[in-house]
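Student: Based on what follows, work out the 3D shape:
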Amino acid sequence: QAHLVESGGGLVQAGGSLRLSCAASGFTFSSFSMGWFRQAPGKERQFVARISSSGGYTYYTDSVKGRFTISRDNAKNTVALQMNSLKPEDTAVYYCAAAIRSDGVPRFGDSDYRGWGQGTQVTVSS
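Tutor: Residues are numbered from 1 along each chain as shown. Got it, this is the predicted structure:
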């Protein structure tokens, strides 16, 4: 059973940076792609970024390209999301999740992921 714990959220001014971390356990971390999602108040959870099992391939939603960077450390079973040039519209609860399938096919819907934790709140003030 995948168990994921996010950390690193907080309150930051627009233009600032935050680094989110996610600690994984309960599954073979290095075999699965990992994703970051976010959910703003009153909105559905949306895909933010994905990284392949090896870390060699990354994908981002258009609104964060060039500002966010996803990375992973398979030796430590962790995945991170470096967020720069933050905007008020980035305010949300951020979640990490593990891909359900280990086939490496890029998938971006939250139904394709598992191990949802409690998330970490990111608030960007204007």
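
Student: only C-alpha atoms for contact and neighbour calcs from this point on.
Tutor: Fine.

Student: So which residues of the chain form helices?
Tutor: In the chain, no segments count as helices under DSSP state H.

Student: By mean pLDDT, which helix or strand of it comes out lowest?
Tutor: In the chain, the helix or strand scored least confidently by mean pLDDT, DSSP states H and E is strand 113-114, which has a mean of 94.

Student: Name the residues that touch that strand?
Tutor: Ala2, Gly35, Ala97, Ala98, Ala99, Ile100 (CA atoms under 8 Å, 6 or more residues apart in numbering).

Student: do stretch 91-108 as well
Tutor: Against stretch 91-108 from outside (CA under 8 Å, 6+ apart): 2, 4-6, 22, 31-41, 47, 50, 52-53, 112-124.

Student: among these, which ones are buried?
Tutor: Neighbour-count burial (16 or more other CA atoms under 10 Å) applied to the contacts of stretch 91-108 gives 2, 4-6, 22, 31-40, 47, 50, 52-53, 113-117, 119-124.
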